[in-house]
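Peer 1: Give me a model of this one.
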Amino acid sequence: MQNTGILAAQGIAALTRAGAIRPDTPYAPDQIQPASLDLRLGARVFRVRTSFLPGARTVQACIDAFALHEMDLTRGAVLETGCVYIAELQEHLALPADLAASANPKSSTGRIDVFTRVITDRGTAFDGVEAGYHGPLYAEISPRTFPVMVRTGSRLSQIRFRRGEPRLTDAELAALHAATPLVDAGQPSFQGGIAVSIDLAGFDGLIGYRAKRHTGLVDVDRPGAHRTAAFWEPLAADGSGALILDPGQFYILASKEAVQVPPDHAAEMVPFDPLVGEFRVHYAGFFDPGFGFAGAGGAGARAVLEVRSRDVPFLLEDGQIVGRLVYERMAEIPATLYGAGAGSNYQAQGLKLSKHFA
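Peer 2: Below you'll find the predicted structure:
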């Protein structure tokens, strides 16, 4: 085990035994992932009138100032589109001074366009947990397209624990790619990560999906229970290799490159690069060790991209770079890789909606 790196599942379990992670209730069987921990909603969620960062205050003080009403999650609650909610989480932290953390939406959360970010007491950045933090965790939740049903125990976010500075430089990334190809591009670009481009040639006649408006509920805890046709409009490949993103619309597209994450590394998609256009790509950024790795049954896995245009229509063309993957060293190889019995829904994926749809 290295002194620096992303903690693997066995390290997260050890942290919990040591009291650095303090769950309100015992973990669900698949809650610890190869390089992250799923975070569960607690008993209460608050509708607030504004998003916020606490700064010098506790999150509870901000809730007291901005809450419009409180809902009991033990009975389930509907979170409406266009609203901002703050939910208590069941996991509390008492991190050692040399251990920091970062959070991200789970893949299934990002693919239903639920914008969620973790916040801490006196936090000055979303999804960041400073080294040595002691205190509760909260989730800011804002459904953008579909109203969602959630309840105590629902898992919308995940957290990674990091010791030191394990991110690879571009030179180190190029060397890793030369030894173990990370994408199947002929000459990939290494600049603040490895470039990922969009596939608009099509998968079995489709280039992606566009979310419908004014749909029914998505119950986040009911995989396979929602009809695809009721929520999504398939986008047929028309041979043009282009797609104009409509402002405010949400799309599911896929990368042209197959992506691989070696067992001793973890990766994250940089969510937005203003140099490549006025749109956001990939809300849910974590790629676990073993994603796309042939030894874990994932050869040829594409990065599925959650895409939303900003204020203007924007033209995407086949092969256009839309984001970058950064890689970090693991402190140790996970006991179970992504796709090898770790509750993995998206190994060896092509163009794929979230697990909620059938």
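
Peer 1: which residues touch the helix or strand of the chain with the lowest mean pLDDT?
Peer 2: Ranked by mean pLDDT, DSSP states H and E, the helix or strand of the chain with the weakest confidence is strand 279-281, at a mean of 74. Defining contact as Cβ atoms under 8 Å, 6 or more residues apart in numbering, one finds that strand 279-281 is touched by 245, 269, 271-272, 305-310, 314, 316, 322-323. C-betas here are computed from N, CA, C, even on glycine.

Peer 1: And Asp127, how close does it get to Glu233?
Peer 2: Using Cβ to Cβ, to the nearest Å, Asp127 is found at 30 Å from Glu233.

Peer 1: Of those two, which one has the most company?
Peer 2: Shown here are Asp127 and Glu233; by other Cβ atoms under 10 Å, Asp127 has more neighbours (20 against 13).

Peer 1: Neighbouring strands - and their directions - for the following helix or strand past the least confident helix or strand of the chain?
Peer 2: Beyond strand 279-281 on the C-terminal side, the first helix or strand identified by DSSP states H and E is strand 286-287. Sheet pairing of strand 286-287 (DSSP bridges) gives strand 265-269 (antiparallel).

Peer 1: Please work out the average pLDDT along the partner strand.
Peer 2: In this model, strand 265-269 has a mean pLDDT of 94.

Peer 1: now do stretch 168-184
Peer 2: Mean predicted confidence for stretch 168-184 is 94.

Peer 1: Can you show me the CA trace of it as CSV?
Peer 2: Presented in CSV, the C-alpha positions along stretch 168-184 are these (Å, rounded to 0.1, in the frame of the first residue of the first chain):
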residue,chain,number,x,y,z
LEU,A,168,-0.9,12.1,-12.8
THR,A,169,0.8,14.8,-14.8
ASP,A,170,0.3,14.9,-18.5
ALA,A,171,3.7,13.3,-19.0
GLU,A,172,2.9,10.5,-16.5
LEU,A,173,-0.5,10.0,-18.2
ALA,A,174,1.1,9.7,-21.6
ALA,A,175,3.6,7.1,-20.1
LEU,A,176,0.7,5.1,-18.6
HIS,A,177,-1.2,5.2,-21.9
ALA,A,178,1.9,3.9,-23.7
ALA,A,179,2.1,1.0,-21.2
THR,A,180,-1.7,0.3,-20.9
PRO,A,181,-3.8,2.1,-23.5
LEU,A,182,-6.4,4.2,-21.7
VAL,A,183,-8.4,5.1,-24.8
ASP,A,184,-8.5,3.5,-28.2
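
Peer 1: Run through the helices of the stretch 151-300 of the chain in chain order.
Peer 2: 170-179, 228-231 (DSSP state H, counting those that start in this stretch).

Peer 1: Same list (those helices) but as TSV, adding mean neighbour count.
Peer 2: Supplementary listing: those in TSV, determined by neighbours: other Cβ atoms under 10 Å:
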stretch	mean neighbour count
helix 170-179	14
helix 228-231	13
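
Peer 1: Indicate which one of these is closest to Thr25.
Peer 2: helix 228-231 (31.5 Å; Cβ to Cβ).

Peer 1: Keeping just the C-alphas, turn that closest one into CSV.
Peer 2: Listed next in CSV are the C-alpha coordinates belonging to helix 228-231 (Å, rounded to 0.1, in the frame of the first residue of the first chain):
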residue,chain,number,x,y,z
THR,A,228,-37.9,4.4,-21.8
ALA,A,229,-40.4,5.8,-24.3
ALA,A,230,-42.2,7.7,-21.6
PHE,A,231,-39.1,9.7,-20.7
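
Peer 1: shift numbering so it begins at 40
Peer 2: In the new count, where the first residue is 40, that last one comes out as helix 267-270.

Peer 1: Tell me which residues are up against it.
Peer 2: Residues outside helix 267-270 that contact it (Cβ under 8 Å, 6+ apart): 185, 250-251, 254-255, 257, 392, 396-397.

Peer 1: and stretch 137-147, which residues are buried?
Peer 2: Within stretch 137-147, the residues that count as buried by 16 or more other Cβ atoms under 10 Å are 138-147.

Peer 1: returning to what we had before: buried among the contacts of strand 318-320? Make that a ChimeraX selection.
Peer 2: Buried members of those can be picked out in ChimeraX with the line below, counting by 16+ other Cβ under 10 Å:
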select :284,308,310,311,344,345,346,347,348,353,355,361,362
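
Peer 1: Just give me the neighbour total for Pro262.
Peer 2: Burial measure for Pro262: 14 neighbouring residues, criterion other Cβ under 10 Å.

Peer 1: Over to it: give its phi and psi.
Peer 2: Per-residue torsions, Pro262: phi -60, psi 140 (degrees, to the nearest 10).

Peer 1: if we can go back for a sec, Ala100: which of the buried residues of stretch 137-147 is nearest?
Peer 2: Ala142 (21.0 Å).

Peer 1: Show the model's pLDDT score for that closest one.
Peer 2: Reported pLDDT for Ala142: 96.

Peer 1: Of all the residues in stretch 230-247, which ones are buried?
Peer 2: Of the residues in stretch 230-247, 232-239, 241, 246-247 count as buried by neighbour count, 16+ other Cβ under 10 Å.

Peer 1: I'd say Val365 and Glu307 touch.
Peer 2: Yes - assessed by Cβ atoms under 8 Å, Val365 is found in contact with Glu307 at 5.5 Å.
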